[in-house]
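Peer 1: using only what follows, build the 3D model:
(one chain, ligands or ions: 1)
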Amino acid sequence: MSSTSMTTTPEVASKSPSPEQLANRYTKVQSRDVNVYYGEKHALKHVDLDVYQNEVTALIGPSGCGKSTFLRCLNRMNDVIDICRVTGRIALDEHDIYDPSLDVVQLRARVGMVFQKPNPFPKTIYDNIAYGPRIHGIAHGKAELDEIVQKSLERAGLWKEVSDRLDQPGTGLSGGQQQRLCIARAIAVNPEVILMDEPCSALDPIATARIEELIDELRENFTIVIVTHSMQQAARVSQRTAFFHLGDLVEVGETETIFTNPVDSRTQGYITGRFG
Ligand SMILES: Nc1ncnc2c1ncn2[C@@H]1O[C@H](COP(=O)(O)OP(=O)(O)OP(=O)(O)O)[C@@H](O)[C@H]1O
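Peer 2: Purely as a prediction, here's the structure:
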């Protein structure tokens, strides 16, 4: 069902943090007064958002509201867009990621990304996973690299399906398997944060369900920020939800609260399908 045809709010199925987890929340990523401009266009306005460790934060909102722009700020993917200018402060573990002395390659190893369309390298399954550890010098020797490849595929729930064909091209897998391969590739360099930009939009419902389960498993070890057009998906996988509209972060809070008792009328309008 498309968001525009929805008239009821989605059911929240994600596991809410326990009172103890709430009390011990650690801010992994913090944005303060973040503005993004594409040339003259003010695409994101004064965004203050805390992303908590080992939780899934969903970014939702109508098309063009700035969700992907914000996500890309978190590992400086916007740096590659010439007309893009970012102001304000984004900190990872309290360190400013826009500090000129920061090594962007290292940042992107710490803050990995999974894209909308599965994009395996035109290499074998093994080499898709081994590529990152090799360039970052993470593995010392073949045995260690083999172990990283196996562990990453296991954590992405793909090992059993591909263990007997690691030398086959990654592009020969199904769409859902390719996306899990991309998740395994992101995991292989030991990131702390994984950014996901509509990771299921090219997948069928069964492959989507598998990725959603995986996201829930991965949050034990990683901090996840996911952009999704599906409010049902946000409700299923996230602990916190941030609603964007026309470049403003309108509201952020516990997913359950955002979907059952939002404060702002724009959030209410969006989650009940009055606009999208
Ligand atoms: N590379 C770019 N150059 C110019 N404008 C851009 C660029 N990328 C995004 N924008 C503009 O910035 C605004 C926010 O775009 P963004 O892609 O972040 O929104 P979004 O909420 O992720 O949208 P969607 O859900 O459609 O993917 C839009 O008005 C968009 O046209």
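
Peer 1: around the ligand, which positions in the stretch 101-250 of the chain sit nearby?
Peer 2: H229 (Cβ under 6 Å from any ligand atom). C-beta here means a position set from N, CA and C on the backbone, and glycine is covered the same way.

Peer 1: any chance you could map the strands in the stretch 101-250 of the chain?
Peer 2: 111-114, 193-197, 223-227, 240-245, 248-254 (DSSP state E, counting those that start in this stretch).

Peer 1: mean pLDDT for those strands - can I get that in TSV?
Peer 2: As requested, these are arranged in TSV below (pLDDT from 0 to 100):
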stretch	mean pLDDT
strand 111-114	96
strand 193-197	98
strand 223-227	98
strand 240-245	98
strand 248-254	97
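
Peer 1: could I get the ones you listed as JSON lines with mean neighbour count?
Peer 2: Shown next, in JSON lines, are those (neighbours: other Cβ atoms under 10 Å):
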{"stretch": "strand 111-114", "mean neighbour count": "22"}
{"stretch": "strand 193-197", "mean neighbour count": "24"}
{"stretch": "strand 223-227", "mean neighbour count": "25"}
{"stretch": "strand 240-245", "mean neighbour count": "26"}
{"stretch": "strand 248-254", "mean neighbour count": "19"}
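
Peer 1: out of those, flag the one nearest D48.
Peer 2: The closest of those to D48 is strand 248-254. By Cβ to Cβ, the value is 7.0 Å.

Peer 1: what helices or strands is the closest one leaning on?
Peer 2: When contacts are defined as 3 or more Cβ pairs under 8 Å, 6 or more residues apart in numbering; DSSP states H and E, strand 248-254 packs onto strand 41-52, strand 240-245, helix 265-271.

Peer 1: tell me what angle that strand forms with strand 41-52.
Peer 2: With axes from the mean of the first three to the mean of the last three Cα atoms, to 10 degrees defining the directions, strand 248-254 sits at 10 degrees from strand 41-52.

Peer 1: which residues touch strand 248-254?
Peer 2: Strand 248-254 has contacts (Cβ atoms under 8 Å, 6 or more residues apart in numbering) with 16, 45-49, 61, 70, 239-244, 258, 262-264, 266-267.

Peer 1: same deal with stretch 66-79?
Peer 2: 29, 31, 34, 36, 43-44, 47, 49, 51, 59-61, 84, 86, 90, 97-98, 104, 107-108, 111-113, 193, 195, 197, 225, 227, 244, 246-247, 249.

Peer 1: kindly recompute the last result at 6 Å.
Peer 2: 36, 43-44, 59, 61, 84, 86, 90, 104, 107-108, 111, 195, 197, 227, 244, 247 (Cβ atoms under 6 Å, 6 or more residues apart in numbering).

Peer 1: what residue ranges in this structure score low on pLDDT?
Peer 2: 1-9, 14, 276 (pLDDT under 70).

Peer 1: can you show me the helices along it?
Peer 2: 19-23, 67-73, 104-110, 125-135, 142-155, 159-162, 175-187, 205-218, 231-237, 255-260, 265-271 (DSSP state H).

Peer 1: gap between the third one and the chain center?
Peer 2: Between the centre of helix 104-110 and the centre of its host chain there is 15 Å, according to Cα atoms, centre = their mean, to the nearest Å.

Peer 1: could you measure from the residue lying closest to V114 once chain neighbours are set aside over to L158?
Peer 2: Counting by Cβ to Cβ, 6 or more residues apart in numbering, V114 lies nearest to M196, which is 4.6 Å off, once chain neighbours are set aside. To L158, M196 is 16 Å away according to Cβ to Cβ, to the nearest Å.
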